[in-house]
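Q: okay, predicted coordinates and the sequence, questions at the end:
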Amino acid sequence: MEVPRPTFYERKLASRLAANNIPYKSQPVIWYTRANFYTPDFVIGQKLIVEVDGKIHSMKHRITPDRIRQRALKNLGYYVMRVSNDTIRINVKTAVKEIIQQYYETVDLQSYPKVEIVKHDTYDSIHKYVQDKISQWAVEFNRSLKEELWTVDYFRLHLPEYDSVLVQNQSALERFMLLLLGLNLKTGEDGTLDFEHSAHVFSKGIEIIGEIFGEQGATASIHLKNMFNVSAPGFFKNLVFYGGPNINPGVVSINNLNLLKRQISEFNRHFSSYQVSVEEDEVRDECLYAFKNIETNTNFQWIAEWKA
C-alpha cells in the first residue's frame, strides 16, 4: 500500500508537536473495514486523530467521503479533529494549543480505540470465486431462513454447506450479512420500508458475526457497521432507481422528494443506535450522479430538482 508523503503544513505541525512533547504517530494505517484502509495525518496519543486539511477537503466531491470515514473512525473509538492549512500558516502555536487541549480531554475519557491499528491478512480479501458466488449463496440461504433461525448455531452449521470461507473470512461474512439485510427488506401498511424490522435484522447479524469470530468478534461487528455506513448512500440510490438493492429490486416505490426524505429520516432513527446513519446530501449526490447517467430519466425528474 502507498502512504502519501507529508505536506509542508503537516511537517510544520509535526515539528511543533514534537517540541511540545506530544506523543503522535504520523500517517498510521487504520483499517476501518476489512476492505477499506485510511491513513490519517496524525494520531495523537491513543485516540485523537488530527487531519490537516487543504482546500481540496472543502470541495464537494471530498465532503461525503470525509464524513463517512469520520463516522467509521468514531465507531472505532477515535475522536477526529480537523485543522486547516491556513490555521497552521497564520498561527501554528494556536493550532497546537487547541490540539493539546483536545488531547488532554480525550486522555481524561480513559476510553481507548476498540481495535488496534493493524490489518489481519487472513481475513481481508475475498477470493474472486467467492465474489462471483456470494450473492447466489445468500439468495439460496435466505429461502429457508426463518426469523427463529437467526442464531449463531444455525449460521455456523449451515454456511459451510456453501463454502467454509463464509465462517472463516471476516470480509466474506460481513458482505454476506449485508446481502441478507437487503433480501429481508419489507414494507409497512403505507408502502414505505419498515426500517424498524431492518434494524432488528441488522442487530442479529452483528450478534452472529461477533460470536462466530470469537476474540475478533468485536472488531468484526464494528467493521460490519462501517461497511453499511460506507454503502448507505448507494443503498438509498438503489431504492430510488430500482426499488431495492441489486439483489432484491422492486420492494418499494420512492417517487418524490418528500417520501425519500421521510425514508432517510426513518432509516437514521432506527439505525443510529447501531452507529449507522446517512446524510441527505450524501444520498442527493449519489442520486444526481445516477440521474445523469441513465438513458431514460423522465420518471426521476424530481431528482434533478433536488437542491442543496
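A: That came through, no problem.

Q: rest of the way, CA atoms for contacts and neighbours
A: Noted.

Q: any weak-confidence spans in the stretch 201-308 of the chain?
A: Residue ranges of the stretch 201-308 of the chain with pLDDT under 70: 295-297, 308.

Q: again, only this time at 80
A: Residues of the stretch 201-308 of the chain meeting the criterion pLDDT under 80: 215-217, 293-298, 307-308.

Q: how about the helices in the stretch 101-250 of the chain?
A: For the stretch 101-250 of the chain, the helices defined by DSSP state H, counting those that start in this stretch occupy 121-124, 128-143, 152-158, 170-183, 195-212, 217-242.

Q: so who does the nearest residue in space to Gly234 that is not next to it in sequence touch?
A: Take Gly234 and drop its neighbours on the chain: the residue closest to it by CA to CA, 6 or more residues apart in numbering is Glu286, 6.4 Å away. Applying CA atoms under 8 Å, 6 or more residues apart in numbering, we find Glu286 in contact with 233-234, 237.

Q: now swap in Ser15 and tell me
A: Contact analysis of Ser15 by CA under 8 Å, 6+ apart lists nothing.

Q: can you check Gln70 too?
A: Val80.

Q: show the contacting residues for the residue nearest to Tyr274 when sequence neighbours are not counted.
A: Residue nearest to Tyr274 in three dimensions, not counting chain neighbours: Lys225, with 7.1 Å by CA to CA, 6+ apart. Contacts of Lys225 were listed using CA under 8 Å, 6+ apart, and they are 72, 274-276.

Q: right, and the pair among those with maximum separation?
A: Distance extremes for the contacts of Lys225: the farthest pair is Ala72 and Tyr274 at 11.6 Å, using CA to CA.

Q: give me the more crowded residue out of these two.
A: More neighbours surround Ala72 than the other of Ala72 and Tyr274, with 25 against 16 (other CA atoms under 10 Å).

Q: where does the spatially closest residue to Val240 that is not a sequence neighbour sit: helix, strand or coil?
A: Closest residue in space to Val240, ignoring its immediate chain neighbours: Ile254 at 5.5 Å, by CA to CA, 6+ apart. Three-state assignment for Ile254 (DSSP: H, G, I helix; E, B strand; the rest coil): coil.

Q: how many neighbours does Ile254 have?
A: Around Ile254 there are 21 other residues, counting by other CA under 10 Å.

Q: Asn36 too?
A: Neighbours around Asn36, by other CA under 10 Å: 14.

Q: the one 3 residues further on too?
A: Neighbours of Thr39 under the rule other CA under 10 Å: 16.

Q: wait, it touches Pro28, no?
A: Yes: if you go by CA atoms under 8 Å, Thr39 and Pro28 touch, sitting 5.5 Å apart.

Q: who touches both of those two?
A: Joint contacts of Thr39 and Pro28 (CA under 8 Å, 6+ apart) do not exist.

Q: and the gap between Asp194 and Val252?
A: 10 Å (CA to CA, to the nearest Å).

Q: next: Lys204.
A: For Lys204, the distance to Val252 - CA to CA - is 23 Å.

Q: ok now do His270, which residues does it touch?
A: Contacts of His270 (CA under 8 Å, 6+ apart): 195-196, 199.

Q: can I get the helices of the stretch 101-250 of the chain in TSV including distance to Arg82?
A: Below are the helices of the stretch 101-250 of the chain laid out as TSV (distance: least, CA to CA, whole Å):
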stretch	distance to Arg82
helix 121-124	29
helix 128-143	36
helix 152-158	41
helix 170-183	30
helix 195-212	31
helix 217-242	20
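
Q: closest to Tyr103 out of those?
A: Using CA to CA, the helices of the stretch 101-250 of the chain put helix 217-242 closest to Tyr103, at 23.8 Å.

Q: can you list the buried residues in that closest one?
A: Neighbour counts over helix 217-242 (16 or more other CA atoms under 10 Å) mark 217-230, 232-242 as buried.

Q: assumed Ile49 was part of a strand.
A: Yes: going by three-state DSSP, the assignment for Ile49 places it inside a strand.

Q: neighbours around it, how many?
A: 25.

Q: wait, it sits on Val43?
A: Yes: if you go by CA under 8 Å, Ile49 and Val43 touch, sitting 4.5 Å apart.

Q: how far out from the middle of the chain is stretch 269-278?
A: 11 Å (CA atoms, centre = their mean, to the nearest Å).

Q: stretch 87-106 too?
A: Remark: stretch 87-106 is offset 28 Å from the chain centroid, using CA atoms, centre = their mean.

Q: likewise stretch 273-287?
A: 10 Å.

Q: so how far does that stretch reach from one end to the other?
A: First residue to last in stretch 273-287 (CA to CA) measures 26 Å.

Q: that one: which residues count as buried?
A: Buried-residue list, stretch 273-287, by 16+ other CA under 10 Å: 274-279, 282-287.

Q: which of the residues you listed lies closest to Glu305?
A: For those, the nearest to Glu305 is Arg284 (10.3 Å; CA to CA).

Q: understood, closing this out.
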